[in-house]
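A.B. asks: this one's structure only:
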């Protein structure tokens with residue numbers, strides 16, 4: 001089987017490419033116009049890095065059995081055009097995952113926040129119990145070789161369900177392809193406004209998702225929108241509400257949002273025969289997914305964490321979790337506005353109140369990114385006004401931000417760094433470890 005990837009450098013795409021080559025022994029080729037680390041290093045190590053960047057339709061030959069099209073490509077991509085001319089089947093990433101797992105019991109975790117961690121929790125417990133599982137998750141999990149696994153033998157498939165667009169040819173949400181037997185919805189908070197410009201449109205894609213579930217919907221009971229959607233399908237499928245876990249099993253993860261994630265994961269595992277007491281025993285050693293409240297430095301009186309939080313709901317939940325964990329420490333929270341939504345002037349007011357629990361609140365953004373995304377100008381004053389926090393410090397120069405953080409007095413302090421980007425090249429782990437060394 002020869003599978004060709006158009007836009008192979010995506011986070012999930014390159015993991016799928018490596019999985020097909022390694023586990024299924026497929027012939028895998030691919031192309032992209034730009035590839036960055038870690039995908040670049042991963043593909044090079046696997047022997048799958050394209051020999052040169054760009055699109056080369058001559059690589060699409062009749063011996064190619066299938067093409068997988070990434071979201072990064074355009075619909076007039078010359079390799080895609082050639083594949084269609086030759087009648088080669090073209091799949092989107094989620095469509096291909098479904099085709100590979102359509103005879104398995106599928107568990108899908110969706111929602112505006114918490115889906116990566118909840119998916120990771122389910123996978124961790126199944127791994128601890130020796131239950132073979134196919135999966136796709138949006139972050140690296142300790143003990144898991146890749147972010148994607150597809151086999152011929154697993155009975156179960158666990159997917160993180162993303163509401164973003166499927167491909168340049170299919171403008172529906174990715175999770176509409178998965179048709180889960182068991183689904184979790186963690187919460188709905190408006191995001192991706194470049195794709196869903198209205199709240200109603202955003203909610204509607206989740207409404208469509210609930211109508212693809214064949215058996216059970218597990219949903220957070222305190223989200224009124226989710227309760228409404230569950231009510232609409234309650235006659236067709238089994239609907240189970242949940243709240244935060246409040247037991248006394250010691251856990252490595254913390255924060256109310258993680259206790260909600262944990263309870264959702266437990267209920268999903270229960271649907272496939274895993275007793276709650278067994279789940280809690282196994283999950284007690286789970287330390288989290290990469291970039292999700294990941295501890296990157298710690299001494300007796302200093303701790304630093306990094307997190308993927310960028311949308312308002314994620315930001316607030318993560319900040320509140322750290323405040324609860326360290327109620328008496330000086331708390332510095334620093335986040336980067338990096339996504340299309342977060343850099344859009346009309347969306348910025350959604351961040352009001354999200355950083356109030358931090359003693360020192362810092363926001364960084366790069367004006368050149370706003371230019372690149374062709375958005376209306378946003379100023380530091382616009383950001384301060386949107387967050388409605390007088391003590392907020394706003395930076396637009398990453399070197400100045402890093403220099404000022406390095407001058408921080410670290411004693412009796414916790415530092416939280418949050419971004420879906422890189423703070424324009426700041427080595428956040430190195431920075432945190434330098435501060436930790438100074439606090440000793």
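C.D. replies: That came through fine. Keep in mind it's a predicted model, so treat the numbers as computed, not measured. Residues are numbered from 1 along each chain as shown.

A.B. asks: how close does the nearest residue to residue 282 once chain neighbours are set aside sit to residue 315?
C.D. replies: Spatial nearest neighbour of residue 282, excluding adjacent residues (Cβ to Cβ, 6 or more residues apart in numbering): residue 128 at 4.1 Å. From N, CA and C alone the C-beta is placed, and that goes for glycine too. Going from residue 128 to residue 315 by Cβ to Cβ, to the nearest Å gives 31 Å.

A.B. asks: follow-up on the earlier one: what's around the residue nearest to residue 282, how many residues?
C.D. replies: Neighbour count of residue 128, defined by other Cβ atoms under 10 Å: 16.

A.B. asks: kindly report the same for the one 5 residues further on.
C.D. replies: Residues contacting residue 133 under the criterion other Cβ under 10 Å number 21.

A.B. asks: that one contacts residue 150, doesn't it?
C.D. replies: No. Using Cβ atoms under 8 Å, residue 133 is not in contact with residue 150; the gap is 10.8 Å.

A.B. asks: how does the chain divide into domains?
C.D. replies: Annotated domains of the chain cover 2-88, 96-283, 294-439 [automatic domain parsing].

A.B. asks: which ones are touching residue 114?
C.D. replies: Listed by Cβ atoms under 8 Å, 6 or more residues apart in numbering, the contact partners of residue 114 are 186, 187, 257, 260, 261, 264, 317.

A.B. asks: among those, which lie within helices?
C.D. replies: Among the contacts of residue 114, the members found in helices (DSSP state H) are 257, 260, 261, 264, 317.

A.B. asks: now tabulate these in a markdown table and tack on distance to residue 412.
C.D. replies: Putting these into a markdown table (distance: Cβ to Cβ, whole Å) gives the following:
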| residue | distance to residue 412 |
| --- | --- |
| 257 | 25 |
| 260 | 29 |
| 261 | 29 |
| 264 | 35 |
| 317 | 24 |
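
A.B. asks: residues touching the residue located most distally from the centre of the chain, list them.
C.D. replies: Within the chain, the residue lying farthest from the chain centre (Cα atoms, centre = their mean) is residue 62, at 35.8 Å. Residue 62 is in contact with 86, 88, counting by Cβ under 8 Å, 6+ apart.

A.B. asks: repeat that for residue 355.
C.D. replies: Counting by Cβ under 8 Å, 6+ apart, residue 355 touches 315, 316, 319, 333, 335, 361, 363, 387, 389, 392.

A.B. asks: which SS class is the residue nearest to it when sequence neighbours are not counted?
C.D. replies: Using Cβ to Cβ, 6+ apart and skipping the chain neighbours, the partner closest in space to residue 355 is residue 361 (4.0 Å). Judged by DSSP: H, G, I helix; E, B strand; the rest coil, the three-state class of residue 361 is strand.

A.B. asks: do I have it right that residue 361 meets residue 395?
C.D. replies: No. Counting by Cβ under 8 Å, residue 361 does not reach residue 395; the two are 11.7 Å apart.
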